[in-house]
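In: make a model of this:
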Amino acid sequence: MAVSVLDSYVESTERIQPNQANNYENTHGGELVKLMDELAAISAMTVAKETCVTASIGSVDFQNPIPVGYVAELSAYVYGTGTSSLDVKADVECRDPRTEESIPTTAACFTMVAVNETDDPVEVPAVVPETDRGERLVESAPC
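Out: Numbers count the residues shown, from 1 in each chain. Here you go, the predicted structure:
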């Protein structure tokens, strides 16, 4: 049974703290990748209904920094599946919490693998766009 791309869409918001920053008072790249990886896993598990682990990160594109005190707005969704793998796009925008203007900051594609209790790969359902928005997400996904 197929799952809608939109059913895999998840969001998270986090205010960046000093302990998440580098010496330039911007979010450390590794911290941002960690947040994206966690959200990618949640999106994948929503589709697989199993534990999902990171197999690879295809690319990470840092476009703009996120200063301490700003809000990181993360989103992720599954745009494709294999037998046991799920391709997930994760995006991050940032904004000053006192304003409405968001700025694109980071994008990455993750490949997750669904595993059972003994860490063996398990089959996952296909994802389908179903709507115009779902089609736009799939078209814009590959990194």
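In: show me where the protein has its strands.
Out: Assigned by DSSP state E, the chain shows strands spanning 3-4, 10-15, 51-62, 71-81, 85-95, 103-115, 127-128.
In: need those in TSV (columns: mean neighbour count).
Out: In short, each C-beta sits where N, CA and C put it, glycine included. Formatted as TSV, those follow (neighbours: other Cβ atoms under 10 Å):
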stretch	mean neighbour count
strand 3-4	18
strand 10-15	14
strand 51-62	15
strand 71-81	22
strand 85-95	24
strand 103-115	21
strand 127-128	20
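In: any chance of those in JSON lines, plus distance to Leu39 and mean pLDDT?
Out: JSON lines is the format used below for the strands of the chain (distance: least, Cβ to Cβ, whole Å; pLDDT from 0 to 100):
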{"stretch": "strand 3-4", "distance to Leu39": "17", "mean pLDDT": "96"}
{"stretch": "strand 10-15", "distance to Leu39": "5", "mean pLDDT": "98"}
{"stretch": "strand 51-62", "distance to Leu39": "12", "mean pLDDT": "95"}
{"stretch": "strand 71-81", "distance to Leu39": "4", "mean pLDDT": "97"}
{"stretch": "strand 85-95", "distance to Leu39": "6", "mean pLDDT": "98"}
{"stretch": "strand 103-115", "distance to Leu39": "9", "mean pLDDT": "97"}
{"stretch": "strand 127-128", "distance to Leu39": "16", "mean pLDDT": "96"}
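In: list just the one of the ones you listed that sits closest to Met36.
Out: Proximity to Met36 (Cβ to Cβ) singles out strand 85-95 among the strands of the chain, at 4.1 Å.
In: nice, that's everything, thank you.
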